[in-house]
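Trainee: Need coordinates for the following:
(3 chains)
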Amino acid sequence: MAETDTHAAPVAGPAQRRGRNLSLRRLAPVLAGGILLLIVAAALLAGALAPHDPLQMMPSQRLKPPSEAYPLGTDAFGRDLLSRILYGARISLMVGVGVTVITVAVGLPLGLLAGFFRTLDSVLMRIMDGMMAIPSLLLAVAIVSLSGASIWTVLMAITIPEVPRIVRLVRSIVLSAREEPYVEAAISLGSSLPRILRRHLMPNTLAPLIVQGTYVCASAILTEAILSFLGAGISTETPSWGNIMAEGRMYFQIRPSLIFWPGLLLSVCILSINLLGDSLRDILDPRLKQRGAER
Amino acid sequence: MPGYLLRRILAAIPVMVVVAVFVFLLLRLTPGDPAAVLAGDMATPEQLARIRASLGLDKPVIVQFVSWIGQLLRGDLGTSLISQTPVTTLIAQRIEPTISLALLTLLLSILIAVPLGVLAAWRHGGITDKAVMSFSVLGFSVPVFVIGYILIQIFAIDLKWFPVQGFRSISDGIGPFLQRATLPSLALASIYVALIARMTRASMLEVLGEDYVRTARAKGLRETAVLFRHALRNAAVPIMTVIGTGFALLISGVVVTESVFNVPGIGRLTVDAILARDYPVIQGLILLTSALYVLINLVIDLSYSLLDPRIRY
Amino acid sequence: MHADVDARPRRWLKGASLLFLSALALSGMSDRPAQAQTVTAVMHSGVRILDPIITTAHISRNHGYMVFDTLLAMDSKYRPQPQMAEYKVSEDGLTYTFTLRDGLLWHDGTPVTAEDCVVSLKRWAARDAGGQMLMDRTESLAAADARTITLKLKEPFAYTLDMIAKPSAVPAFMMPKRIASTAPTEAIPEQIGSGPFRFVAGEFQPGVKVVYEKFKEYKPRSEPVDWLAGGKVVNVDRVEWVTMPDAQTAINALMSGEIDYMEQPPVDLLPIMEGNEDITVDIFNELGYQTMGRMNFLHPPFNNPTIRRAALLAMNQEDVLQALVGNPEYYSACASMYGCGVPLASDSGAGPITKKGDPKEAQRLLKEAGYDGTPIVLMQPTDVTSVSPQPVVAAQLLRKAGFNVDLQPMDWQTLVGRRASQNPPSQGGWNMFFTNWVIPEVWTPLVNPMLNGRGPKGAWFGWPDDPKLEQLRNAFVQAKTPEAQKEAAVAIQTHAYETVNYIPLGQYTSPAAWRKSLTGIVKAPVPIFWNVKKSK
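Mentor: A predicted model of the protein is given here:
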């Protein structure tokens, strides 16, 4: 199978840029970063910003249009939409960051080892191939709905299909890096394995991992929303953008705002992360562009 | 070439074994009871036990696994626990909508994405390029179901160009088929277009810098000829690759899209089966989609040598 | 060589896009096939299980009424009436004789015999609680001749005819002997009935589509249709049930005429159809549903009656109903465990549940009982809209009263599996869940699944071990006159509220919507398609 990635992995173009576009190139990451900062701030300050308790149901106030008391209106249980969206940012960011951290924490060592030991490599890669052959969303839906929906199962369900991609990425970097003279030298000088991995191989993986991490993060946030949409997500009592939309989709035609606002924020958030990833790729490692084009 | 083919096919076997074991373990190690689903609201504990026994669910997991693998080797995917229909029949009933939706999506995506990618590469750095790139990032970032609902709102409810939902087989005529399949395919295509357009652009950019393109231009060939005949052909391998790996993405998208547009395909069958703990159906479906994924990527690998004479196995 | 290979895909692409565009342009015209006599309906769920005896799923039962027929059927006054058979009861009330009417045929063309019906009754009785009760009192059940069934009882049982006629949970559907001989735990292999519609096996797609054709040889009774009794006259050629998981999609399809009938449009979405002159929104099932909560009697804290009482007082029906239904036109508070609008209804023993509840008293009781803050596990289904709001509202009300609530979301099928677990909540068990019943499933102490005190082995999920309840139920069985029956039923309800057997959370109806081209929709506790006419 080709060394490829099914990810939403945006690919940057070559480095030749004309001067007038330079400002645009700079503007995008700044804008994206700014938006992300705003979303993070909203998530952290949700307690202070939200006009209502996001869990407080007012059965008499179901599906109300925007008003002074409820700036974005209410949902089908009479909960304040704005408050839920603000708190929802927490879940989305938590899932994004959580999945990224776990994926890297599991994928990096596996990839390093696979790149270094041939036998382990062939076994591990067959397993990874098998896991990548299962459509990731089906796998995630199956995991969540079969083992019960909690934030942890959702994290696991999104993480498991992501791991093989990181393993493959790290492995491919290690495979090419170990041909480098300085690594070969270290091996022949008898450096200990952990030392070689830590000193020589890991630094090589850092830049691509950071870039890939942003895409994992974006894709995790998206997957969480889709899981919720299919009814296999986090507790509907806990607001997340995904399950606000999942509950709202029944009422799309009478209250489009229930889909529109969380959908907009979700899209903007993922968009910003993707843009940031693109820029990071350009800044961190120009060589990546070459590799990126092959992915 | 035949040797390579054989090696590739053999390499697919361990992959499928991993899939089978993984799926089986996943299903049996998680809670959930198809007998309870089958018996309904008023079942007493004793009735449940009897139904479990008649479904063979009371046997040790390892016995169930061995008998399932035995069945598989005979080409039998088993019978649905809930509807008592053979899994192969269920899949056969549902596969047409999914396949035709996927193919239409693929067609639409290539028709839209490749020219966009070429255009973006050609007008590299310009407004067109920027627009295409922003559009494609947008394609990655907006969830399929949000796009689905936006399309329904605009084209089905406001403009009334298309029916809101449903599916008609191509055998009912290409008109009714397209009338119902266009919106879901467009929704599905959003990610795919983004993926292919980006890859086309990146791949074209590389190729456009090569000597033979300069030579072709110097020879005074028309620009479209340069772009589509010389450059695109040489840029095709990564594009094909991304189309193949994107298949997994497409399957995920299909699950969501089928439920938004009420298409009775494989995606909905899978979600229904998972919710009802219908083990044989889930196992059969995941095996099938995984096998399809492996197969498609195999075919694409092999097609490289057709597209790019430089690649020989 | 380049040119050769390259030109091909380009021409192909051009051709394909042309085809696509022209087809798009044509598509407006060729859409509707001329099948005026097909009624297309979206039911509340897809049909997956075809055996209406093995499961109590409503959709399977509704399917059963299309394909199968019953010996007796209930009319709108809740009286059993002859359907396939006339009946006679002996003076001593011990012998029931059923005589099959003329001209009854199975869908494979063979005549219906008394023997077929005997085997069918036995299989039904093995699955249905009411049937079991009847069989417990049966001396013999046999075919006297090809058309006569004789049922001899050991002791008089006043509800014999009611059981055979009842529309819920499992109606006594008649099947040919070879099919009814299937073990009661296994699904029947074929759908051959003697009902007014025949099942089209070739077009069945589980969960997606079921097709029924008019059974031309069916001979309806001459009486006018009345609930499930009376003549089942079929006026259309085909009925198709299609599944649409998204209610808005279904409503749009109804408005555009792609479907004719929708069994359960969510009340919140009715405004979309308002002002559409082609559509009727009406309630065919006038009794509607009871929504309720059940606690687990096996594990702390709800093994303590005082804490159950506190939970009862913490709840109130209005909050639940408003979250669940929203529009007061379609719900009402109802204290009766048997549902309101039925002969046995009363509000005996209910307390403030239909009003505001009594959170203060609940708090006091909790303290008195020494509640230690053990979190109570509430199972919340997130995929079925008719059962997802109750636990959320309940969690809030219970917290207000001082309970520590662990609301666990899951899909409905997980809940169905998990509620069967008798383990402690920390080991895959549960403390409380919610569901809904159609009123005929709860309307007497005999059929109401919750009012059963036979403990972990024999009772319904939650498993109360309540000998007193069993005694009271026995008194109800023995009661001869309607007055005595009512009195016994009231006593059971009073006791059940005292022990907080379960918490009724009110009654609601669910309107159906259909196009005006359909007429003759029958008011009944089950959606039925006989008597329905479709005009062009």
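Trainee: rest of the way, CA atoms for contacts and neighbours
Mentor: Will do.
Trainee: Tell me how far C:A129 lies from C:A172.
Mentor: C:A129 is 12 Å from C:A172, where distance means C-alpha to C-alpha, to the nearest Å.
Trainee: And for A:I226?
Mentor: Plainly put, A:I226 is 43 Å away from C:A172 if you go by C-alpha to C-alpha.
Trainee: Equivalent analysis for C:Q191, please.
Mentor: If you go by C-alpha to C-alpha, the gap between C:Q191 and C:A172 works out to 15 Å.
Trainee: Residues in a beta bridge with C:F433, which ones?
Mentor: Note on C:F433: beta-bridge partners by DSSP bridges are C:R294.
Trainee: From chain A, how far out is it?
Mentor: 15 Å (C-alpha to the nearest C-alpha, to the nearest Å).
Trainee: And for residue 36, the neighbour number?
Mentor: As the question left the chain open, I've gone with chain A. 20 (other C-alpha atoms under 10 Å in any protein chain shown).
Trainee: meant chain B actually
Mentor: Neighbour tally, B:A36, other C-alpha under 10 Å: 29.
Trainee: helix, strand or coil for it?
Mentor: helix (DSSP: H, G, I helix; E, B strand; the rest coil).
Trainee: For the closest residue in space to it that isn't next to it in sequence, give its distance to chain A.
Mentor: In space, and not counting its chain neighbours, B:A36 is closest to C:G417: 5.2 Å by C-alpha to C-alpha, 6 or more residues apart in numbering or on different chains. Distance of C:G417 to chain A, given as C-alpha to the nearest C-alpha: 11 Å.
Trainee: Now do the host helix or strand of C:G417: distance to the chain's middle.
Mentor: Here C:G417, judged by DSSP states H and E, is contained in helix C:412-418. Distance of helix C:412-418 from its chain centroid, counting by C-alpha atoms, centre = their mean, to the nearest Å, is 17 Å.
Trainee: now do stretch B:270-289
Mentor: Worked out by C-alpha atoms, centre = their mean, stretch B:270-289 lies 16 Å from the chain centre.
Trainee: now check that stretch, is it near chain C?
Mentor: Yes - Stretch B:270-289 lies within reach of chain C by C-alpha under 8 Å from any C-alpha of the partner chain, at B:D272, B:L275, B:A276, B:R277.
Trainee: Quick check: buried residues in that stretch?
Mentor: By 16 or more other C-alpha atoms under 10 Å in any protein chain shown, the buried positions in stretch B:270-289 come out as B:270-289.
Trainee: Same question for stretch A:274-283.
Mentor: Neighbour count says stretch A:274-283 has A:N274, A:L275, A:L276, A:G277, A:D278, A:S279, A:L280, A:R281, A:D282 buried, by 16+ other C-alpha under 10 Å.
Trainee: again, but for stretch B:221-233
Mentor: Buried, per 16+ other C-alpha under 10 Å, within stretch B:221-233: B:V226, B:L227, B:F228, B:R229, B:H230, B:A231, B:L232, B:R233.
Trainee: where's the first one relative to chain A, distance?
Mentor: Plainly put, B:V226 is 20 Å away from chain A if you go by C-alpha to the nearest C-alpha.
Trainee: cool, and the third one?
Mentor: Shown here: B:F228 relative to chain A, a distance of 19 Å by C-alpha to the nearest C-alpha.
Trainee: Give me the pLDDT value at that residue.
Mentor: With respect to pLDDT, B:F228 scores 76.
Trainee: Please apply the same query to the last one.
Mentor: On the pLDDT scale, B:R233 is placed at 77.
Trainee: Number of residues surrounding B:S203?
Mentor: 27.
Trainee: Is it correct that it falls within a helix?
Mentor: Yes - counting by three-state DSSP, B:S203 is found in a helix.
Trainee: List the contacts of it.
Mentor: Residues near B:S203 by C-alpha atoms under 8 Å, 6 or more residues apart in numbering or on different chains: A:A293, B:A235, B:A236, B:P238, B:I239.
Trainee: Any regions of the chain where pLDDT drops low?
Mentor: You didn't pick a chain, so chain A it is. Where chain A drops to pLDDT under 70, the residues are A:1-25, A:59, A:148-149, A:285-295.
Trainee: That was the other one, I meant chain C.
Mentor: Ranges of chain C meeting pLDDT under 70: C:1-36, C:382-383, C:413.
Trainee: how much space between C:I188 and A:D278?
Mentor: Taking C-alpha to C-alpha, one finds C:I188 at 59 Å from A:D278.
Trainee: Over to C:V208?
Mentor: C:V208 is 43 Å from A:D278, by C-alpha to C-alpha.
Trainee: So what does the closest residue to C:L312 other than its chain neighbours have for phi and psi?
Mentor: What sits nearest to C:L312 in space, not counting adjacent residues and going by C-alpha to C-alpha, 6+ apart, is C:I503, at 6.5 Å. Here is the backbone geometry of C:I503 (degrees, to the nearest 10): phi -120, psi 100.
Trainee: Likewise for C:Y212?
Mentor: phi -120, psi 140.
Trainee: give the contact list for it.
Mentor: C:Y212 neighbours (C-alpha under 8 Å, 6+ apart): C:M66, C:F197, C:R198, C:F199, C:V200, C:R238, C:V239, C:E240.
Trainee: Can you verify my assumption that the residue nearest to C:L312 contacts C:G293?
Mentor: Yes - counting by C-alpha atoms under 8 Å, a contact exists between C:I503 and C:G293, whose distance comes to 5.1 Å.
Trainee: what residue ranges in the stretch 151-300 of chain B score low on pLDDT?
Mentor: For the stretch 151-300 of chain B (pLDDT under 70), the answer is B:248.
Trainee: Quick one: name the residues of it near chain C.
Mentor: B:163-165, B:174-176, B:178-179, B:229-230, B:233, B:259-262, B:264, B:269, B:272, B:275-277.
Trainee: Select from those every entry located in helices.
Mentor: Using DSSP state H to define helices, the subset of these located there is B:I174, B:G175, B:P176, B:L178, B:Q179, B:R233, B:S259, B:V260, B:F261, B:L269, B:D272, B:L275.
Trainee: Just send those residues back as JSON lines, with distance to chain A too.
Mentor: Converted to JSON lines, those look like this (distance: C-alpha to the nearest C-alpha, whole Å):
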{"residue": "B:I174", "distance to chain A": "29"}
{"residue": "B:G175", "distance to chain A": "27"}
{"residue": "B:P176", "distance to chain A": "25"}
{"residue": "B:L178", "distance to chain A": "24"}
{"residue": "B:Q179", "distance to chain A": "22"}
{"residue": "B:R233", "distance to chain A": "16"}
{"residue": "B:S259", "distance to chain A": "8"}
{"residue": "B:V260", "distance to chain A": "10"}
{"residue": "B:F261", "distance to chain A": "13"}
{"residue": "B:L269", "distance to chain A": "11"}
{"residue": "B:D272", "distance to chain A": "11"}
{"residue": "B:L275", "distance to chain A": "7"}
